[in-house]
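Student: Mind looking at a prediction? Sequence and model below.
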Amino acid sequence: MADTDDILTVRGLKAYYQMAYFGIEREVRAVDDVTLSIRRNEIYGIAGESSSGKTSLIKVLAAAIRPPLKVVDGSLTYRFGDLEIDPYKARKEEVDAIRWKHLSYIMQGSMSVLNPVRRIKHSFTDFALRPMGVPKNIFWERTKAHLERLNLSPDVLNAYPHELSGGMRQRVTIALATVCQPEFIIADEPTTALDVVVQKDVLAMIRNVQQQMGSSVVFVTHDMSVHANMADRIGIVYAGRLVEEGPTRTLFTAPKHPYTAHLVGSLPRIGDTSAKSALEGRPPNLADPPPGCRFHPRCPLAIEKCKTEVPPLATVGESHRSACWRADDVRPLTTISHRAEAVL
Amino acid sequence: MTTLLDVRNVSKRFAMGGILSRKHVDAVIDVSFTLESGTPEIFTIIGESGSGKTTLARMILGLEEPSEGDINFEGVSAAERKDRAARLSFMRRVQPVFQNPFEAFNPLKQVERYLEATARTLLGLKDKAEIEAAMDGALQKVGLSYREIKGRYAHELSGGQLQRVAIARALIPEPALLITDEPVSMVDASLRMSIVNLLRDLRDKFGVSVIYITHDLATAYYISDRIMIMQKGYVVEMGPARPVLDAPEHAYSRLLKESVLSIEDAGSGKLEPADRSMAKAAWEATGEGQLVARDGGRLVRVAR
Amino acid sequence: MFAVIRDLTRYNIEFAIGCLLVGIITLFALASFFAPVAPTMIYTVPPDMPPSMTYWFGTNSRGQDLFWQLSYAFRNTLTFGVLVAIISRIISITVGLLAGYLGGWVDRVLMFFNDIFVSLPIFPLLILVYFVLRSNLDMFTLALIMGCLGWPFDARLIRSVSLGLRHREFTRHATFSGMSPRKIMFEEHLPYVMPIVLSTAIANMIWSIGMEVTLAVLGFTNLNIPTVGTTLYWANNHSAMIVGVWWWILIPVVLIVALFIGLFLLTVSLNEYIDPRSRLRRMGGA
């Protein structure tokens, strides 16, 4: 695949929390040596547990980090058309100029974006008018057209956030984040607080808007069943490292990392009565991660080598990478049927 | 066979707003079900937020008084538990497990403090060795030991461990009923099944009945014996969990099932928005209808 | 505890200066236990001597060595401040936690009294007390009265924190662990309230000492007890500034200002240290 097909290239990225409280210094390696690239027109899922560093990773990608989190090494390059930019080497004005227009962010809590005491339309003018750079009448025309495309009534512009349900608010924030037709969208657990029915609606909407605009979406959630339905490719994050990456179907049917195999295999399903087990142990403390492969204390396949040597993220199949010394021995825990394949 | 918990025609109405614009919200409307003692089971209450499932749990725990109807636990209603002694004896039999284990433990205190208080007040133990034995016994049931948590603070344990400590705490007085409100929603994916499996073991090995409140149909299918689906305060369908979830009859139950994200066919990129019209139509038709019995012990709400 | 204080002095310059100032004044006050003369005796030394090697702080027009006189004065003033702080803290914690945790009619009754105390005019009230008690008004009585007046604002603050804590899950967890309301209030909730208690305690000391100085300067306290306020009263009474005995006024004023600055810096730095969020982060959590 040609390099120019990638909208974002990340190489050897390291971002640490460096803290000193009353003499106790702590360094938390939240993002440790991550190399990945995001293609144009794809949804890239990032999966990981709490304190796995996935939130830090996307904050770094969004160039939205604040001390004590610092990028200590590596590079991050966005390609928007002819514009090539590394937010950590560019000037602040250049980074501000790409926000909303090229790069936008859908957050977990919609209330943090929508001003609770002002009508929705003010949030649109506040955030999107300047990046779009068009006169007001054209701006409203485009905004209304965009809302209609997302099956939202333009009436929501005159509502206050509290008058809308949680699902509707989340849809409005998605509309707000995508109104400037950005090429790159970062979605941070946008459906975690929503109920099952609403969740599916919101996910379908994100998928729909992505396909219409041909943007790239980085979608973060710990919920593998959401990834199964959203992502084209998935990156699995464990203890600050990318441990496996591959096309969604491959990860669900033929995972090459024991952690992925567990995440997929332990999902309960309606109609499946087989016993599911949990992993032993607990996610490691990022301030003091285990040596070697960080997963080895919980890994059923661990061997001596895993305790001392860090496995590299190696190619194990077509656009499939895994950081495991025993990638070839990993077996899926359950078989997942494929209706699409069955037809063929 | 005697009745453990008898919830009979319970409704809860909240008053909202000020003096002039007083409004009423019906959180729970005419809910009835019973749990028998002697046959421990996992009874799941499913519904979206606003369906009244949490209010119902709070009423069973005595944290909220029903506006109408009666909740009897082992023949004693909540209204009869006025003094501290009566409440303590209720707590010996019914214990809650909360949603967020990080919130359920005071972050400035050691976690064992809650276990110790439970053993001291609810079991009436005085001797330090006896208290420790009781704590260790309960922790063993959840796959931990007193040695592992001695002197630990909440932030030193993982969400899964902490939730297990919370369950162990609830088990100390050897209750007959555990009420768990979304116990796994805040627990990490890799540890979630350990909690779910633990609830199943409590039923099978220790004879504890569990009321499992959730919106996750998949785990409900995995562990429940019976299931009750709630919509806007009403029970719309109730019955044996697997038959109900395999073939839901009420439109809302079907909507819930269809909204579950399937991992079959992962990566195909097919995702249709849920079709609400069916459930909406059903709600309009049967909303305040009546529950009728179907074969296999199933109750479904149909138009009157 | 010792490590905390060491770290605080090392990394927090405000705390270090505050400690130093308050420490010096406290040592100075403690020196009164070794005083060669009783503070009430007059004409024990030649009057109106300026500061020198023999009389470090000079002597006053009543023939008292100002060093020992002020040492007594600060001992009394500090004791007074600490006493008022302790009494008013006990009341505000009890009222605040009870009102916040129990709620209902307990809350309404307590807050009714709270509002009455908030609106009481403290200064005229204290003058009235002086007129009633006159020379029977000793340090302890005054401290008790001021302690009973200095709690309502802080009680309300504690109540608001406690109201928030009541709805936290760990409170319900504690209830179902069979903990009694008393145990929940004073063991579960008190640690969250402690930062407010400590920082308001020092602010309360500043308030009560200032009040005592004001009352004494105007002559509305028992003038036979040496305090910073009565020292200034006698200096003023003897027209110290006009006669040229400037040290009689300047030295106590400098010392009391140093004490106030020291206490203020301690409040600021302790607030930052005790804040539960930063404390949790230091413990390695959250």
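Tutor: Nice, I can see it. This one's a predicted model, so the numbers in the text were calculated from it and none came from an experiment. Residues are numbered from 1 along each chain as shown, chains lettered A, B, ... in the order given.
Student: In the stretch 101-250 of chain C, which residue sits nearest chain A?
Tutor: As assessed by C-beta to the nearest C-beta, chain A sits closest to C:Pro195 within the stretch 101-250 of chain C, at 15.6 Å. Bear in mind the C-beta positions are built from the backbone N, C-alpha and C, glycine included.
Student: my read: that residue touches C:Ile202, true?
Tutor: No: judged on C-beta atoms under 8 Å, C:Pro195 makes no contact with C:Ile202 at a distance of 11.7 Å.
Student: Could you check which of these two is surrounded by more residues?
Tutor: Shown here are C:Pro195 and C:Ile202; by other C-beta atoms under 10 Å in any protein chain shown, C:Ile202 has more neighbours (22 against 18).
Student: Any stretches of the chain with poor pLDDT?
Tutor: Since you didn't name a chain, this refers to chain A. By pLDDT under 70, the low-scoring segments of chain A are A:1-4, A:20-25, A:109-112, A:334-344.
Student: look at chain B instead
Tutor: In chain B (pLDDT under 70), the answer is B:1, B:17-22, B:267, B:269, B:274, B:278-279, B:282, B:285-287, B:304.
Student: what about the strands in it?
Tutor: Counting by DSSP state E, one finds strands in chain B at the ranges B:3-16, B:23-36, B:42-46, B:68-73, B:76-77, B:94-97, B:177-181, B:209-214, B:226-231, B:234-240, B:290-294, B:298-302.
Student: the helices in the stretch 101-250 of chain B, which residues?
Tutor: B:101-104, B:112-117, B:128-141, B:146-149, B:159-171, B:189-206, B:217-223, B:241-246 (DSSP state H, counting those that start in this stretch).
Student: Tell me who's in contact with B:Ala293.
Tutor: B:Ala293 makes contacts with B:Leu299, as judged by C-beta atoms under 8 Å, 6 or more residues apart in numbering or on different chains.
Student: hmm, back to that, list the buried ones in the strand or helix carrying the residue of the stretch 101-250 of chain C closest to chain A?
Tutor: Per DSSP states H and E, C:Pro195 falls inside helix C:190-217. Across helix C:190-217, burial judged by 16 or more other C-beta atoms under 10 Å in any protein chain shown covers C:190-193, C:195-209, C:211-213, C:215-217.
Student: For the nearest residue to B:Asp225 once chain neighbours are set aside, give me its contacts.
Tutor: Leaving aside its sequence neighbours, B:Asp225 sits nearest to B:Glu41 (C-beta to C-beta, 6 or more residues apart in numbering or on different chains; 4.0 Å). B:Glu41 is in contact with B:Leu35, B:Arg203, B:Ser209, B:Val210, B:Asp225, B:Arg226, counting by C-beta under 8 Å, 6+ apart.
Student: And the residues you listed, which is closest to A:Asp288?
Tutor: B:Val210 (36.4 Å; C-beta to C-beta).
Student: Can you name the residues bridging to the closest one?
Tutor: Per DSSP bridges, the residues bridged to B:Val210 are B:Ile42, B:Leu178.
Student: quick one: it and chain C, what's the gap?
Tutor: Separation of B:Val210 from chain C (C-beta to the nearest C-beta, to the nearest Å) stands at 16 Å.
Student: isn't that residue right up against B:Leu178?
Tutor: Yes: taking contacts as C-beta under 8 Å, B:Val210 lies within contact range of B:Leu178: 4.8 Å.
Student: more crowded one of the two?
Tutor: B:Val210 (25 against 22).
Student: wait, what's in contact with the more buried one?
Tutor: So B:Val210 contacts B:Pro40, B:Glu41, B:Ile42, B:Phe43, B:Leu177, B:Leu178, B:Ile179, B:Thr180, B:Leu199, B:Leu202, B:Arg203 (C-beta under 8 Å, 6+ apart).
Student: Close to chain C: what parts of chain B are there?
Tutor: B:61, B:63, B:84, B:88, B:91, B:95-96, B:98-100, B:103-109, B:114-115, B:117-118, B:120-122, B:153-156, B:166, B:169-170 (C-beta under 8 Å from any C-beta of the partner chain).
Student: Buried ones from these, can you make that a ChimeraX selection?
Tutor: This is how ChimeraX selects the buried members of the residues of chain B next to chain C, with burial counted by 16+ other C-beta under 10 Å:
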select /B:61,88,91,95,96,98,99,100,103,104,105,106,107,108,109,114,115,117,118,120,121,122,153,154,155,156,166,169,170
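Student: Now the residue nearest to the spatial centre of chain C. Nearest residue, chain neighbours left out?
Tutor: Residue closest to the average C-alpha location in chain C (C-alpha atoms, centre = their mean): C:Met205, at 1.8 Å. Closest residue to C:Met205 apart from its sequence neighbours, by C-beta to C-beta, 6+ apart: C:Gly81 at 4.0 Å.
Student: In terms of pLDDT, where does the one you found sit?
Tutor: We note a pLDDT of 94 for C:Gly81 in this prediction.
Student: Against which helices or strands is the helix or strand hosting it packed?
Tutor: Assignment of secondary structure by DSSP H and E places C:Gly81 within helix C:66-102. Judged by 3 or more C-beta pairs under 8 Å, 6 or more residues apart in numbering or on different chains; DSSP states H and E, the packing partners of helix C:66-102 are helix C:13-30, helix C:104-119, helix C:139-149, helix C:152-166, helix C:190-217, helix C:228-237, helix C:247-274.
Student: Quick check: buried residues in it?
Tutor: The neighbour-count check on helix C:66-102 (16+ other C-beta under 10 Å) flags C:66-78, C:80-85, C:87-89, C:91-101 as buried.
Student: where do the strands sit along the stretch 151-300 of chain A?
Tutor: A:184-188, A:216-220, A:233-238, A:241-247 (DSSP state E, counting those that start in this stretch).
Student: Of all the ones you listed, which one is nearest chain B?
Tutor: Taking these one by one with C-beta to the nearest C-beta, strand A:241-247 is closest: 6.2 Å.
Student: can you list the residues that contact that closest one?
Tutor: By C-beta under 8 Å, 6+ apart, strand A:241-247 touches A:32-36, A:53, A:232-237, A:251, A:255-257, A:259-260, A:294-295, A:313, A:317-324, B:267.
Student: Number of residues surrounding B:Val10?
Tutor: B:Val10: 21 neighbours (other C-beta under 10 Å).
Student: tell me the contacts of the closest residue in space to it that isn't next to it in sequence?
Tutor: Counting by C-beta to C-beta, 6+ apart, B:Gly69 is the residue found nearest to B:Val10 once chain neighbours are left out, at 3.7 Å. By C-beta under 8 Å, 6+ apart, the contact set of B:Gly69 is B:Val7, B:Arg8, B:Asn9, B:Val10, B:Ser11, B:Asp30, B:Val31, B:Ser32.
Student: Go again with 6 Å.
Tutor: B:Arg8, B:Asn9, B:Val10, B:Ser11 (C-beta atoms under 6 Å, 6 or more residues apart in numbering or on different chains).
Student: List buried residues within those residues.
Tutor: Of the contacts of B:Gly69, these count as buried by 16+ other C-beta under 10 Å: B:Arg8, B:Val10, B:Ser11.
Student: Is the second one bridged to anything, and to what?
Tutor: If I follow you right, that is B:Val10. Beta-bridge partners, per DSSP bridges, of B:Val10: B:Val31.
Student: shouldn't it be in contact with B:Pro66?
Tutor: Yes: judged on C-beta atoms under 6 Å, B:Val10 makes contact with B:Pro66 at a distance of 4.7 Å.
Student: and chain B, what are its domains?
Tutor: Residue ranges for the domains of chain B, per the TED database: B:3-100+B:178-248, B:105-175.
Student: ok, back up a step: return a ChimeraX selection command for the buried portion of the contacts of strand A:241-247.
Tutor: Provided next is the ChimeraX selection string for whichever of these are buried by 16+ other C-beta under 10 Å:
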select /A:32,33,34,35,36,53,232,233,234,235,236,237,251,255,256,257,259,260,294,295,313,320,321,322,323,324 /B:267
